[in-house]
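Chemist: What shape does this take:
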Amino acid sequence: MPRPKSKKELLELSQANYEKLLKLLGSYSNMELEKEFPPETLNRNAKDVLAHLHEWHLMMLDWYKIGMKGEKPDIPAKGYTWRTLPELNRKIWEKHKDVKFQTAKNLFDDSYKQVQRVIKEHTDEELFEKKRYKWTGSTSLGAYLISNTSSHYDWAIKLIKKAMK
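Modeler: Below is the predicted model of the structure:
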């Protein structure tokens, strides 16, 4: 499916990729899910990927909460820029490195539902009109949500498939 351009498409694609990711994870044994990924990947196993997605959901929800109050959120996070993303992602990995797979999955499921609620609260115009909200800059709220849902899940699926070969 092409990049979503409506609320309906965003909900459908984010749900489809979420379910595709869960189905992929469900196709592996517990032992396979704990298997170490190749050394060049920051996320060391499937659990790390879910924890990464969860933390990005939380950041998105924080940006949204702060931005919708008319304030400027720290994007991507306080003390980080898009250039220092590797350091931010390493911090996320450190935070969750000792979490069990099921805990990471539960966290991911919960934050996924929270992000879906945000999408459902808005109209097509509120989601996809560029520059509608000061905090989203020159882009749209929908673009942020796509990056933190369907596109990010697609990245996760590709990473897990490649690492599990």
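
Chemist: and the worst-scoring helix or strand of the chain on mean pLDDT, C-alpha only, in PDB?
Modeler: Least confident element among the helices and strands of the chain, by mean pLDDT, DSSP states H and E: helix 30-33 (a mean of 92). Extracted as PDB, the C-alpha positions of helix 30-33 are listed here (Å, rounded to 0.1, in the frame of the first residue of the first chain):
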ATOM      1  CA  ASN A  30      11.000 -18.500  21.900                       C
ATOM      2  CA  MET A  31      14.600 -19.600  21.400                       C
ATOM      3  CA  GLU A  32      14.700 -18.000  17.900                       C
ATOM      4  CA  LEU A  33      13.200 -14.700  19.300                       C
END
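
Chemist: ranges for the helices of the chain?
Modeler: Using DSSP state H, the helices of the chain run over residues 7-26, 30-33, 46-68, 85-96, 101-120, 124-128, 141-148, 150-163.

Chemist: Work out the gap between the shortest one and the centre of the chain.
Modeler: Going back to what we said before, that points to helix 30-33. The gap between where helix 30-33 is centred and where its chain is centred comes out at 22 Å by CA atoms, centre = their mean, to the nearest Å.
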